[in-house]
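Undergrad: what follows is a predicted protein model with its sequence.
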Amino acid sequence: MKDGGILGGLHPFLKLLLLALLMLGSTLVVLIVGFIIAYPFIGDEMLSGLGAGDMSINSLRYVQILSHLGLFIISAAGFGILVGGKPARYFRAAKRPLGLSVLITAVIMVAAVPMVNFLLEVNQDLSLPESMKGLEQWMRQSEEAAEHMTKILLDVSTPWGLLFNIFMIAVIPALGEEFIFRGAIQRIFRQWTGNVHIAVFIAAVLFSSMHMQFYGFLPRLMLGMVLGYMLVVTGNIWIPVFAHFFNNAMAVIFFYLVHNELTGFEVENVGTGSIAPYAAAVSMFFVILLFRYMRRVET
């Protein structure tokens, strides 16, 4: 996999360093520009919220969108130009995905739910040694704070609010995070190690670590590997982008339905309890089977 951009000949480590600098730099620039644009409308509200550590919901949503645009989407575009030359080709985004592969992708994400829930239960039951109780307490507090913030952002009661949340939590992260982690980082580590499986695993580890939610690390690691192998099997970035979007959108939709008492069905409970290990094994079996079928479709 040769890179055709002006910086395409850099060592993989230097490419990683370049990507990190672009992510930090573009985030800072986008936040500054975004604040300048928004100041006439909600600037005082944002400033007072920052000072008190308690921004309004609209300010939080605005900052969330700006952060994702800068940290992932704009930095990915810049990296694709500098390293790849032609971003669409570099990120394997030039071709339309096969319709059947898109359908299989959706089925894989549904089939993986019991496995995800099982890993979440395992992860949440993990505890550190007595000597590290302070660290564990901090990790759990961080987890609770992140969960509380997510619920605040998702707390809407209208269809328009639901659509906005799908855009904010499913569309933007699916595009940005997949182009960064699968499109760029996974490619870099494949060049560096010469081993696609190591590349998929490292990209998944970084993907899960980036969320800074320690008690959800294992399920996100597994999802990251599923997304990584989707790119390997199909050679098309739009497949993991769709999978990421589908996963996040379903979470947003079901939260909306449950929160507004439109359904009592909770996805988090699928395959849990005493049957969890067996449900996870069946889930993994079907995911592998579906991947094999996807490979046949793509060849």
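TA: The structure has been received and is ready for your questions.
Undergrad: residue 71: what's it in contact with?
TA: 23, 26, 27, 176 (Cβ atoms under 8 Å, 6 or more residues apart in numbering). For glycine as for every other residue, the C-beta is placed from the backbone atoms N, C-alpha and C.
Undergrad: of the residues you listed, which belong to helices?
TA: Among these, the ones falling in helices (DSSP state H) are 23, 26, 27, 176.
Undergrad: of those - the most surrounded one?
TA: Taking other Cβ atoms under 10 Å as the neighbour criterion, residue 176 ranks highest of those with 24 neighbours.
Undergrad: that residue contacts residue 67, doesn't it?
TA: No. Shown here, residue 176 and residue 67 do not form a contact pair, counting by Cβ atoms under 8 Å, at 9.8 Å.
Undergrad: which stretches in the stretch 1-150 of the chain count as helices?
TA: Ranges of helices in the stretch 1-150 of the chain, per DSSP state H, counting those that start in this stretch, are 12-38, 44-52, 57-68, 75-79, 87-90, 99-111, 113-125, 133-154.
Undergrad: so which of the ones you listed is nearest residue 160?
TA: In terms of Cβ to Cβ, the element of these nearest to residue 160 is helix 57-68, at 13.1 Å.
Undergrad: quick check: mean pLDDT across the closest one?
TA: On average, the pLDDT along helix 57-68 is 87.
Undergrad: can you check stretch 209-218 too?
TA: The model assigns stretch 209-218 a mean pLDDT of 85.
Undergrad: same check on stretch 20-29?
TA: The model assigns stretch 20-29 a mean pLDDT of 97.
Undergrad: give me the neighbour count for residue 25.
TA: Using other Cβ under 10 Å, residue 25 is surrounded by 14 other residues.
Undergrad: which residue is the nearest non-sequential neighbour of it?
TA: residue 75 (7.7 Å; Cβ to Cβ, 6 or more residues apart in numbering).
Undergrad: cool, residue 181 as well?
TA: residue 207 (4.5 Å).
Undergrad: host element of that neighbour?
TA: helix 196-210 (DSSP states H and E).
Undergrad: quick check: angle from the helix or strand that that helix is followed by to helix 99-111?
TA: Next helix or strand after helix 196-210 toward the C-terminus (DSSP H and E): helix 217-234. When axes from the mean of the first three to the mean of the last three Cα atoms, to 10 degrees is applied, the directions of helix 217-234 and helix 99-111 differ by 160 degrees.
Undergrad: check which helices and strands helix 217-234 is in contact with.
TA: Counting contacts by 3 or more Cβ pairs under 8 Å, 6 or more residues apart in numbering; DSSP states H and E, helix 217-234 packs against helix 99-111, helix 113-125, helix 196-210, helix 238-259, helix 276-298.
Undergrad: restrict that helix to CA atoms and write it as CSV.
TA: Extracted in CSV, the C-alpha atoms of helix 217-234 (Å, rounded to 0.1, in the frame of the first residue of the first chain):
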residue,chain,number,x,y,z
PHE,A,217,-13.4,-0.9,27.0
LEU,A,218,-13.9,-4.6,26.1
PRO,A,219,-17.2,-4.2,24.1
ARG,A,220,-15.8,-1.2,22.2
LEU,A,221,-12.6,-3.2,21.6
MET,A,222,-14.6,-6.0,20.1
LEU,A,223,-16.7,-3.6,18.0
GLY,A,224,-13.5,-1.9,16.8
MET,A,225,-12.2,-5.2,15.6
VAL,A,226,-15.5,-6.0,13.8
LEU,A,227,-15.3,-2.6,12.1
GLY,A,228,-11.6,-3.2,11.2
TYR,A,229,-12.2,-6.6,9.6
MET,A,230,-15.2,-5.2,7.7
LEU,A,231,-12.7,-2.9,5.9
VAL,A,232,-10.3,-5.8,5.4
VAL,A,233,-12.9,-8.0,3.9
THR,A,234,-14.7,-5.4,1.7
